[in-house]
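1. Just to be clear, the model below is a prediction. Sequence and coordinates:
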Amino acid sequence: MFSVIYSEEFLEHDTGRSHPERPARLTAIVEALKALPWASRLSWHLPTPGHQPSVLSAIQRVHTPRHIHEIEILAESGGGRLELDTPVSRYSYEVALLAVSAWLDGVDRVVEKGEPAFVLARPPGHHAESDRGMGFCLFSNAAIAATYALNKHGLQRVAILDWDVHHGNGTQEIVEKNPQIAYCSLHQYPCYPGTGAAHETGAYKNILNLPVSAGSTLAEYQLLFESKVMPFLRRFQPDLLLISAGYDANAADPLARIDLQPEDYGILTDYCLQLTRRIVFGLEGGYHLDALSQSVIATIARCLELS
């Protein structure tokens, strides 16, 4: 069985009618997963309620009180925007807490069982910096989960692999001075948010940025995985691997210009499984609904050795 952590409450983060990071992203994935001939091999789990003290404590280890309070007050006042592209609605603070909780549940489940799991949550997180939300992101889910894994489970090393098409500037800003966390990102460059140059390597050489050019295909990604990503992760020897699983590097995605296909994510997943089965996949970007759904399917199918 493969664990999927999901709640319909994630749909209550209202970004507006024309926003690409919309609830339909999750409903499309869930409907596609439940229609699979092997749907019985998926085990669905509700996240722990977001208002647990442990959830807020985990967020406070990563984000400033000012940032947390700003999102809470903005939501309580009926909503607004942290930045032009980053709306906060009436329920966004509650939903963002629940998304963090889901990532923490993913960590707990994977550490306990030694098998991969997928966190289907929104809002995404990898652009959120310690004192600033941006790029559709409110809290830095992956960075929070990595820090939580070190503190809660006593792990020595946690790695984050970010294959979203955009650089995870927030994740990097938060973890780059922590020698127990490694961060590797493959991202279109130049592209939003303009960070992630190859020379950004972190205080402890714990950051690996791999900018890729528009039009890149699986061939370029495989070369980078084999020559850069896997050697970097093997040297670090993580006790747990977190994947910031954005699927906007698909050729069909409207927000970038990388030419991956949904089935390619099964191949990228296979590289990760060669390193460890202790993997938490957590949804980041991906805005073409069919390509997004099929990419998540390819990821999970590879974990179940169905592809």
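-> Sure thing, it's come through.
2. how many neighbours does T147 have?
-> 21 (other Cβ atoms under 10 Å). The way it works is simple: take the backbone N, C-alpha and C, and place the C-beta from them, glycine included.
3. Please, where are all the strands along the stretch 1-150 of the chain?
-> 2-5, 42-45, 79-83, 86-89, 117-119 (DSSP state E, counting those that start in this stretch).
4. mind showing which ranges of the stretch 201-307 of the chain have poor pLDDT?
-> 307 (pLDDT under 70).
5. Now do the one helix or strand S295 maps to: everything it contacts.
-> Here S295 sits within helix 289-303, counting by DSSP states H and E. Residues from elsewhere that reach helix 289-303 (Cβ atoms under 8 Å, 6 or more residues apart in numbering): 2, 4, 24-25, 28-29, 31-33, 36, 38, 42, 116, 118, 120, 245, 247, 250-253, 262-267, 269-270, 273, 279, 281, 283, 286, 307.
6. quick one: average pLDDT of the longest strand seen in the chain?
-> Assignment by DSSP state E gives strand 181-188 as the longest strand of the chain. Mean pLDDT, strand 181-188: 98.
7. What is the distance between the helix holding S295 and the centre of its chain?
-> What separates the centre of helix 289-303 from the centre of its chain is 14 Å, taken as Cα atoms, centre = their mean, to the nearest Å.
8. Repeat that for stretch 230-245.
-> 14 Å.
9. ok, and for it, which residues are buried?
-> Using 16 or more other Cβ atoms under 10 Å as the test for burial, stretch 230-245 gives M230, F232, L233, F236, P238, D239, L240, L241, L242, I243, S244, A245.
10. that older thread, in its sheet, which strands sit next to the very next helix or strand once past the longest strand of the chain, and in what direction?
-> Downstream of strand 181-188, the first helix or strand assigned by DSSP H and E is strand 207-212. Strand pairing for strand 207-212, using DSSP bridges, gives strand 181-188 (parallel).
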